[in-house]
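> Structure, please.
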Amino acid sequence: FLVTLALYCLIGIVQRGWTRDYVFSGIVIGLATATKFSALPLLAPLAVACLVRVVRGDPFIAVFLRGLLAVVWIGLAFAAGQPYAFLDFANYYRDIDEQSHMVREAGRLPYTNQYICVSKYGYDLAQLVLWGMAPPLGLVAIWATASRLVAVVRERSATDLVLLAWVVPFFLITGWFDVK
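Next comes the predicted model:
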């Protein structure tokens, strides 16, 4: 929910460029990261949205300051949603590090044995198609994503570029993990 809401707010930056779009984007990205650390790559679509505003003619310094404002709100919302990251940073870091090692080393913990020798990206796509969305919708979703990848270059769609700035890195990062 929060990732989808963040992308919606980021599209607001692309379409309108209002200061409140930056603030809302920062708040939602901060809350998303507080609930699931793997939402941190939402910084990529934020950067893309800011670049789009500069390319469209907004003054660089104005976009930079609004982007900085978004980053401040990311920090504030993260602190509100995950205060223990600051109150007990050592344990927070240890827990993130432990999970990071777990997803990169199948078989390290007993419940990850099922992922030993599983293909990196094929497994994710197969699970999406077979069980996540059912074959008809799963295949259409993969086709639509691939077609938007091609169309973003041809059509120069800034909104698609922001959405793909989340989808592509997230898929590349999580698809590479041993443990799904």
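> quick one: L130 and L139, what's the gap?
10 Å (CB to CB, to the nearest Å). Placement of C-beta: from N, CA and C, glycine included.
> Just want to know which of these two has more residues nearby.
Under the neighbour definition other CB atoms under 10 Å, L130 and L139 were set side by side, and L139 has more, 14 against 11.
> is it true that the more buried one touches A126?
No: here L139 lies out of contact with A126, judged by CB atoms under 8 Å, at a distance of 11.4 Å.
> What residues of the helix or strand containing V140 count as buried?
Element membership for V140 (DSSP states H and E) is helix 135-155. Burial within helix 135-155, assessed by neighbour count using 16 or more other CB atoms under 10 Å, is assigned to G138, R148, V152.
> Show me which positions of the helix or strand following it end up buried.
The C-terminal neighbour of helix 135-155 among helices and strands, as given by DSSP H and E, is helix 158-176. Within helix 158-176, the residues that qualify as buried by neighbour count (16+ other CB under 10 Å) are A158, D160, L161, V162, L163, L164, A165, W166, V167, F170.
> Of those residues, which is the nearest to Y22?
Distance ranking of the buried residues of helix 158-176 against Y22, using CB to CB, places V162 first at 13.3 Å.
> Relative to L7, how far out is the closest one?
Using CB to CB, we find V162 at a distance of 7 Å from L7.
> Find the residues that touch each one of the two.
P45 (CB atoms under 8 Å, 6 or more residues apart in numbering).
> most remote residue from this structure's center?
In terms of distance from the mean C-alpha position of the chain, P110 ranks first, at 28.6 Å (CA atoms, centre = their mean).
> Name the nearest residue to N91, sequence neighbours excluded.
In this structure, N91 finds its nearest non-sequential neighbour in Y84, 7.5 Å apart by CB to CB, 6 or more residues apart in numbering.
> now the helices for the protein?
2-15, 19-35, 43-55, 60-81, 84-87, 89-104, 122-127, 135-155, 158-176 (DSSP state H).
> Just want the angle from the longest one to helix 19-35.
Right, helix 60-81. With axes from the mean of the first three to the mean of the last three CA atoms, to 10 degrees as the criterion, the two stretches helix 60-81 and helix 19-35 enclose an angle of 40 degrees.
> name the helices or strands packed onto helix 60-81?
Contact partners of helix 60-81 among helices and strands, from 3 or more CB pairs under 8 Å, 6 or more residues apart in numbering; DSSP states H and E: helix 19-35, helix 43-55, helix 84-87.
> Kindly reformat those as TSV containing mean neighbour count, mean pLDDT and distance to V63.
Rendered in TSV, the data for the helices and strands packed on helix 60-81 read as follows (neighbours: other CB atoms under 10 Å; pLDDT from 0 to 100; distance: least, CB to CB, whole Å):
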stretch	mean neighbour count	mean pLDDT	distance to V63
helix 19-35	22	98	9
helix 43-55	20	98	5
helix 84-87	12	96	28
